[in-house]
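Enquirer: Predicted model, plus sequence, below.
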Amino acid sequence: MKRFEKQLGIEVIPELRKQDISDDELRELHDIVLEVAIENFDEFPERFIEKRIKSAKNEDI
């Protein structure tokens, strides 16, 4: 989640501000993230498995 918030602050929010758009409470941005997630829902199982595998490898180190 920290990575998500960091990316919003670095990439998305500055671009919106250039266009004089603000979303101080980030509600709209979070809604859009959920919309994109729903549109790509078929990727979730594969991504979940990849994350589990990566996590297991990190535990072995």
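Expert: Alright, I've got the coordinates. None of the values given here were measured: they were computed from a predicted structure.
Enquirer: Quick check: closest non-adjacent residue to V12.
Expert: L29 (6.5 Å; CB to CB, 6 or more residues apart in numbering). The way it works is simple: take the backbone N, C-alpha and C, and place the C-beta from them, glycine included.
Enquirer: Contacts only, for the one you found.
Expert: L8, V12, D23 (CB atoms under 8 Å, 6 or more residues apart in numbering).
Enquirer: rerun at 10 Å
Expert: L29 makes contact with F4, L8, V12, I13, L16, D23 under the criterion CB atoms under 10 Å, 6 or more residues apart in numbering.
Enquirer: Looking at the residues you listed, spot the one nearest K51.
Expert: F4 (14.0 Å; CB to CB).
Enquirer: Can you tell me which helices and strands the worst-scoring helix or strand of the chain on mean pLDDT packs against?
Expert: Lowest by mean pLDDT, DSSP states H and E among the helices and strands of the chain is helix 2-7, with a mean of 87. When contacts are defined as 3 or more CB pairs under 10 Å, 6 or more residues apart in numbering; DSSP states H and E, helix 2-7 packs onto helix 27-39.
Enquirer: Send me the helix it packs on as CSV with only the CA atoms.
Expert: Below are the C-alpha coordinates for helix 27-39, written out as CSV (Å, rounded to 0.1, in the frame of the first residue of the first chain):
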residue,chain,number,x,y,z
ARG,A,27,-11.7,9.4,-3.2
GLU,A,28,-11.9,9.8,-7.0
LEU,A,29,-8.5,8.3,-7.5
HIS,A,30,-9.3,5.3,-5.3
ASP,A,31,-12.5,4.8,-7.2
ILE,A,32,-10.6,4.9,-10.5
VAL,A,33,-8.1,2.3,-9.2
LEU,A,34,-11.0,0.0,-8.3
GLU,A,35,-12.5,0.5,-11.7
VAL,A,36,-9.2,-0.4,-13.4
ALA,A,37,-8.8,-3.4,-11.1
ILE,A,38,-12.3,-4.7,-12.0
GLU,A,39,-11.6,-4.2,-15.7
